[in-house]
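[1] Provided below for reference: sequence and predicted model.
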Amino acid sequence: MDFSFTDEQQMLRDSVSSFLQRSYDFDARSKIVRSAEGWSRAIWEQIAEIGLLALPVAEDAGGLGGTAPDLVAVAEPFGAHLLAEPFIATLLAAPLLASVEDERLEGIMEGSKLAALAYEEGHGTADPSHIAMTAHRDGERFMLDGEKRMVLAGGDADLLLVVARLEDRLEDRLALFSLSPDSDGITIKGYQTIDGRRAANIRFSGVQVEKDDLLANDIEDALRKALDTAILALCAESVGAMGELLSRTAEYASTRKQFGVPIATFQAVAHRLADMKIAYTKARATLLYTAALMEAGHATERDMAILKGQTGKLGREVGEAAIQTHGGVGMTDELAVSHLHKRILANDALLGSSEYHLRKVGNLSRS
Amino acid sequence: MDFSFTDEQQMLRDSVSSFLQRSYDFDARSKIVRSAEGWSRAIWEQIAEIGLLALPVAEDAGGLGGTAPDLVAVAEPFGAHLLAEPFIATLLAAPLLASVEDERLEGIMEGSKLAALAYEEGHGTADPSHIAMTAHRDGERFMLDGEKRMVLAGGDADLLLVVARLEDRLEDRLALFSLSPDSDGITIKGYQTIDGRRAANIRFSGVQVEKDDLLANDIEDALRKALDTAILALCAESVGAMGELLSRTAEYASTRKQFGVPIATFQAVAHRLADMKIAYTKARATLLYTAALMEAGHATERDMAILKGQTGKLGREVGEAAIQTHGGVGMTDELAVSHLHKRILANDALLGSSEYHLRKVGNLSRS
Amino acid sequence: MEIDFSPELEAFRAEVCDFLDTAPTPEIREAGRKLTSVFAPFEQVMAWHKILYEKGWAAPSWPKEHGGTGWTVEQRYIFAEEYRRRDLPPLLPQSLGMVGPLLIDIGTEEQKAKYLPPILKGEDFWAQGYSEPNSGSDLASLSCRADKDGDDYIINGSKIWTTYAHHANRMFMLVRTDNTGKKQQGITFLLLDRVDYPGMTIRPIVGLDGFPEQCEVFFEDVRVPQSGRVGEENDGWTVAKHLLKHERGGGAQSPTLHRGIERIREAAKDTPSGFGTSLAEDPVFLRDLGELEADIASYEAFEKLGVSGHPMANDPSWPSMNKTMNSVLTQRISVMMTRVTGNEGLPLQHEALRVGANVEPLGSDLELVAMPYYLNSRATTIYAGSNEVQRDLIARTAGRGA
Amino acid sequence: MEIDFSPELEAFRAEVCDFLDTAPTPEIREAGRKLTSVFAPFEQVMAWHKILYEKGWAAPSWPKEHGGTGWTVEQRYIFAEEYRRRDLPPLLPQSLGMVGPLLIDIGTEEQKAKYLPPILKGEDFWAQGYSEPNSGSDLASLSCRADKDGDDYIINGSKIWTTYAHHANRMFMLVRTDNTGKKQQGITFLLLDRVDYPGMTIRPIVGLDGFPEQCEVFFEDVRVPQSGRVGEENDGWTVAKHLLKHERGGGAQSPTLHRGIERIREAAKDTPSGFGTSLAEDPVFLRDLGELEADIASYEAFEKLGVSGHPMANDPSWPSMNKTMNSVLTQRISVMMTRVTGNEGLPLQHEALRVGANVEPLGSDLELVAMPYYLNSRATTIYAGSNEVQRDLIARTAGRGA
């Protein structure tokens, strides 16, 4: 039994960290997020150059075939540095393109093209079985109507991948369509999220899809796998952010003085730091353990729910404690603290909140 | 708007308190609880002499017609002193006897006879609609089968009042039977409860009841009223116990020294004391407010659920905090602290736990 | 014990409803619906303040002789309930709830005559200059200095977390006038007639919710008259402690919390639980709501005991308990709101939140406000004396009154 | 990263199951079912200890050369899972988990040879004499004195919270041998060969659950040989700190917690929720259970990281985090159990709880044990260094490793 990173994983993690420390400190990141586009294509190209966009793609599809621990090694520093670029969007889209052997995958892995997965339909479509959007058959073509929400990178993508039900298939089969964002009948409302990502709500009004653009008519297995990978990465990001919050808050508490002494000497503050450390340690242990289970091919639905549920819940505790400990300055836009908390909150809300997942744990008895 | 005790209520409260301080301090009470009978008939007679057993009975039935605040004035000190005697049992039984103008009420109010209400059927029969026991008509008589559990004073009573459904009546009507504990077919298993009360599980196997012993065939309204009164008294007892825990713990924390200083100077201890005080204050405010609503005839089902739910939940918080603050000695049988906590726990479990009642609050939208 | 349930109160309620249904402008209503803070959008809330003043209802908690309403506690709650039920913006607390009551209690006759009427009328808005960058929880360590010079003080230093200073025309503040004794001594309470004295600079601070609600205020040789002093020189700590009592509690706050629950229940009807029903019918959600509602009901009981003058409320830590409970409940409500909105609360919608904006929100009203409200309300356990400071105070008399 | 899921492990599991299904006597099983504490009924658990020793499985966490099993981490968890699944009583920790590992680490060869074998065999049971009436959280202030006299020490003073001292035949303890320096100095760690030395008195203390689990031990001129010292004189604090690491964590504890959940789920099938279904089908109960189970799963991950030697576990506060998490989860489990049993848990059933009693319980097994278990488990956040003390320790290195 061993939950440590391999030397290669540790090197990968260190190199990602030092790249971000160099090029993506809080000030640099703030400028990027406040820019018109809201993210940096230059940074994105560098991320692609290191090979990180090929990481989630299997080797036989031309990717690096990264394991779950590999992904954790990368996503923890991404979370600690509040990456605004569309890494999670790519994690969702690239493996799906790989699963249907789509040639456009190469451009995605190179960072020259962006793909977005239009999956979510509002209020946390935590499970593929919640997908309601239907594709109507119209002769040789298909007609899409409905709305997809919180499509990560949905306003910037060169390629939209849309999950919908084929109306004449069995209810539990999901199809995957590929669409250009310029297609007739598509309205895209892009926005920034509280944690500095770009996303979009996308309305489909009688959008016609050619037969060839039905990439798969039974994507559910591949979709679930992609969602699990994205959940792992979201949680690793959050754990990275929690670690950052813990070290920043411990540092602040040991230097900020009130009543003539560092506030860390007040037991109420000290014990809150202790609770933050316990929460962080629990979350990170869960993350590493789940990554090891995934790598061994033994992660169950329950394991994924535990990871997502615990990370969201513990992350909120850590974020709220960090703000409270910082007091007034924690309430501002000016320190990383509030942004790290917002990243954790957003990651919690994406792909099923802690409420949803912890409840699922209760419903799924341990075998 | 006024939630203060009247002068009369304050006098009543003071006289009950000083009687208990005189005759019922922790050592005296411990001896009583450890005695074979488990409670003191001498104390009971004195309680009757002060008139407290006539308090819950309407004036036109020969009682004192005490109001909800009157009852609070009495039950708070009872809780603080961990009264083991069957006051709650009498609160449940006496008003029901009054409602059917039963002459045996007088002996109950005088303290010479004990009545027990056999209502509960196991696992918290929090609402009369949960009663499942059925009385079968057998010619002119009735036949009772089934089991009543956690019958307060059930092993000591001279008279059992049994709630059951008449099999040929509408489902939502409850009947009240009177029975001698010596009747054929009755098996009584008496026991002490964790908080030093006496109670019993009572099994009825083909118990024959004469027609005259059907005291009422639609007791539900009177029963609900008696249950509300008992809930008020249980909550007042618990609030009394919480106040006692708070003052004992604050006293202990300011005298017990560790690391050369009173432990109350440690912020973790101080903040726990603050939380205990907040919890106690919230619970007592809820108690007084609800008593005022009851007196004004405006207490709803939701109000009663809030009172019972909050008292159970806040009481547990206070009790657990008191034990933790006392450390090792809080874990022993030797201090009142653990006994006060057990009284609060037992009061929570009786007539619907905080879990049950708080959930009811959620289900009953505020009008 | 006694609670008034008389029919006359229902007539009063009808009068209140009628007024609140008709008097506010559409902009005022919009400001209330888009509220994401305890501090309402300035322009609209001051307009509403003036309308309430005309009706005589701007300051229900003030004594009648200074323009209060003379209502019973029951009436005050009816007013607060109907007010909140309509999502009208709460009047800003700094003038009406803090410096006003303070002056009523201990101001000179001149100060009362000069300052109370424009506060009541909604003509003046006062900012509160207490905290400093190095004096937060340890407020008494403040160092912003006022030196006597003739009939004036010369102020140097800075204040921070000065809510709405960029909207204020007046300011009350604590300054250091003596450095020699204990830190609580040597503090003086000052009223500033203007916030545009030469040498005064106000810098808005953008909050984590994206809005500039707080400010930093810099003083460089700012000359103000000594007549603005409240109480004695070097006795400002006593004055401030007196005011804190007003700041930390005592209004009719529970209706705001109850209204939060109503909005949550309303929005829950249209929200899937993820487990087959709407959230409004989901047993888990209802249980959590029940727990919160019961706690709000207990807070209401606590608050009414206080406002009605129950002996328990004489406890010196009552205001601290009030502040602690209220802040935590506000945060719990805000969390529950974001639980309803889920990831629909993630988009930043600053433009749509502006009163008068012609930008359609991406989703429902609650989805628009829940997340910024949650983020903003993290401040409630920090401001007006952090909850840690309150617990220190409560612990000092923990055993008393039990 | 690597977890062993090989088929060989299933063969090992089969061997474990087979043994655990057949080896324990009915009394041992009964003692496990009636467990209401971390400390199992003495007589039966020592009988079970001897049976496990015969099999070679008494001390899975000891080094193989001292009688450990040499199992992999995976094997240890399989053993613990199957053990707990059968509700077998856990072996007492004082000898096997505390003084034993301590002697292995830093005892003399003589001490190892003398004391380890009878511990392993279950012949000896050691009590732990640490706390004193005035030295609880502030353990280093202890005052029970040992004065040198020839080759002996003369002990005077008392110890309290000495679990099962009335069952012990040996005792390890901390004594004050010097009063001149810092309080942590001048403490010595002693092994006592007997607990019936002249001048030693043991008084059992009845706990809030009604059982005498703790004791007070009085020493009046008790003469013991100096050869029982571990480490140097006046260096006992270092020894005790070393031992605390063993006391505060590091076993395979999560299976015990998982088993608690299983018992709860099982009992919930027969319990009405009060809202129309059984508790086992009640969404609210299942949500709360899910939250607790997920937290136990996180603890399991934490524990496995520690046992498998992950670098994070080098953090000096790891044992404190372990103790904090484990104690709180134990208490949460116990609360959940009493939630299932409701008022059926209120009757005192001391007689029915006795192993070998011929008294029928009033209700189910869980109803018999839940309340005393809940009450007893209040101690978990107090003993072995209160959770407040642990948090102090954790806070000291809060930022490290993040």
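    Great, that's in hand.
[2] which residues of the chain fall in helices?
    Answering for chain A, as no chain was given. Counting by DSSP state H, chain A has helices at residues A:7-23, A:26-34, A:41-50, A:68-80, A:87-99, A:105-110, A:220-255, A:267-295, A:301-326, A:336-349, A:354-363.
[3] um, chain C though
    With DSSP H as the criterion, chain C has helices spanning C:7-22, C:26-33, C:42-55, C:73-85, C:93, C:100-106, C:109-121, C:236-247, C:254-268, C:283-307, C:318-341, C:350-353, C:365-377, C:387-396.
[4] who wins for proximity to A:Glu301 among those?
    helix C:283-307 (19.4 Å; CB to CB). Placement of C-beta: from N, CA and C, glycine included.
[5] Can you pull out the low-pLDDT segments for the chain?
    This is for chain A. Scanning chain A for pLDDT under 70 picks out A:169-172, A:367.
[6] meant chain C, my bad for not saying
    C:247-250.
[7] can you do 90?
    C:241-251, C:358, C:399-402 (pLDDT under 90).
[8] Which parts of the chain belong to which domain?
    This is for chain A. Chain A breaks down into these domains under automatic domain parsing: A:7-114, A:117-218, A:221-366.
[9] try chain C instead
    Taken from automatic domain parsing, chain C resolves into C:7-91, C:126-239, C:249-396.
[10] Pick the most buried one from those.
    domain C:249-396 (a mean of 21; mean count of other CB atoms under 10 Å in any protein chain shown).
[11] Please see if it touches chain D.
    Yes - with CB under 8 Å from any CB of the partner chain as the measure, domain C:249-396 is seen reaching chain D through C:Phe275, C:Asp282, C:Pro283, C:Val284, C:Arg287.
[12] Contacting chain A as well, which ones from these?
    Within the residues of domain C:249-396 next to chain D, those near chain A by CB under 8 Å from any CB are C:Phe275, C:Val284.
[13] residues from the stretch 1-150 of chain A in reach of chain B?
    Selection of the stretch 1-150 of chain A residues close to chain B by CB under 8 Å from any CB yields an empty set.
[14] In the stretch 1-150 of chain A, which residue sits nearest chain B?
    Per CB to the nearest CB, A:His123 is where the stretch 1-150 of chain A lies closest to chain B, at 20.3 Å.
[15] My guess is that residue contacts C:Gly345. True?
    No - here A:His123 lies out of contact with C:Gly345, judged by CB atoms under 8 Å, at a distance of 10.0 Å.
[16] For chain B, give me its nearest residue in the stretch 151-300 of chain C.
    C:Gly290 (2.5 Å).
[17] I'd like the distance between that residue and A:His136.
    Taking CB to CB, to the nearest Å as the measure, C:Gly290 falls 43 Å from A:His136.
[18] How far does stretch C:348-360 sit from its chain's centre?
    Distance of stretch C:348-360 from the chain centroid (CA atoms, centre = their mean, to the nearest Å) equals 24 Å.
[19] my bad, should have said stretch A:11-27
    18 Å.
[20] So is that stretch next to chain C?
    No - Stretch A:11-27 lies apart from chain C when judged by CB under 8 Å from any CB; the minimum separation is 14.0 Å.
[21] and if you look at stretch A:300-311?
    No - applying CB under 8 Å from any CB, one finds stretch A:300-311 separated from chain C by no less than 12.1 Å.
[22] can that stretch be found next to chain D?
    Yes - judged by CB under 8 Å from any CB, stretch A:300-311 and chain D are in contact via A:Asp303, A:Ala305, A:Ile306, A:Gly309, A:Gln310.
[23] With only the CA atoms kept, save that stretch in CSV.
    Taking Å, rounded to 0.1, in the frame of the first residue of the first chain, the C-alpha atoms of stretch A:300-311 are listed here in CSV:
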residue,chain,number,x,y,z
THR,A,300,-16.6,2.9,-7.4
GLU,A,301,-19.4,5.4,-7.8
ARG,A,302,-19.4,5.6,-4.0
ASP,A,303,-15.7,6.4,-3.9
MET,A,304,-16.2,9.3,-6.4
ALA,A,305,-19.2,10.6,-4.4
ILE,A,306,-17.1,10.5,-1.2
LEU,A,307,-14.3,12.5,-2.9
LYS,A,308,-16.5,15.1,-4.4
GLY,A,309,-18.7,15.4,-1.3
GLN,A,310,-15.9,15.6,1.2
THR,A,311,-13.8,18.0,-0.9
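[24] Residue of the stretch 251-367 of chain A nearest chain C, please.
    Nearest residue of the stretch 251-367 of chain A to chain C: A:Ser338, at 3.5 Å (CB to the nearest CB).
[25] Then the stretch 1-150 of chain A?
    Chain C sits closest to A:Gly124 of the stretch 1-150 of chain A, with a gap of 4.5 Å, by CB to the nearest CB.
[26] Quick check: closest non-adjacent residue to that residue.
    Nearest non-adjacent residue to A:Gly124, counting by CB to CB, 6 or more residues apart in numbering or on different chains: C:Gly342, 4.5 Å away.
[27] One more: A:Arg343?
    That would be A:Asp195: by CB to CB, 6+ apart, it lies 4.1 Å from A:Arg343.
[28] follow-up on the earlier one: and the helices of chain C: which comes nearest C:Ser158?
    Using CB to CB, the helices of chain C put helix C:236-247 closest to C:Ser158, at 17.3 Å.
[29] if we can go back for a sec, number of residues surrounding the residue of the stretch 1-150 of chain A closest to chain B?
    Residues near A:His123, counting by other CB atoms under 10 Å in any protein chain shown, number 25.
[30] which residues does the residue lying closest to A:Glu317 once chain neighbours are set aside contact?
    Nearest residue to A:Glu317, sequence neighbours excluded (CB to CB, 6+ apart): A:Ala279, at 5.0 Å. Contact analysis of A:Ala279 by CB atoms under 8 Å, 6 or more residues apart in numbering or on different chains lists A:Met242, A:Leu314, A:Gly315, A:Glu317, A:Val318.
[31] Would you mark the buried spots in stretch C:108-126?
    By 16 or more other CB atoms under 10 Å in any protein chain shown, the buried positions in stretch C:108-126 come out as C:Gln111, C:Lys114, C:Tyr115, C:Leu116, C:Ile119, C:Leu120, C:Gly122, C:Asp124, C:Phe125, C:Trp126.
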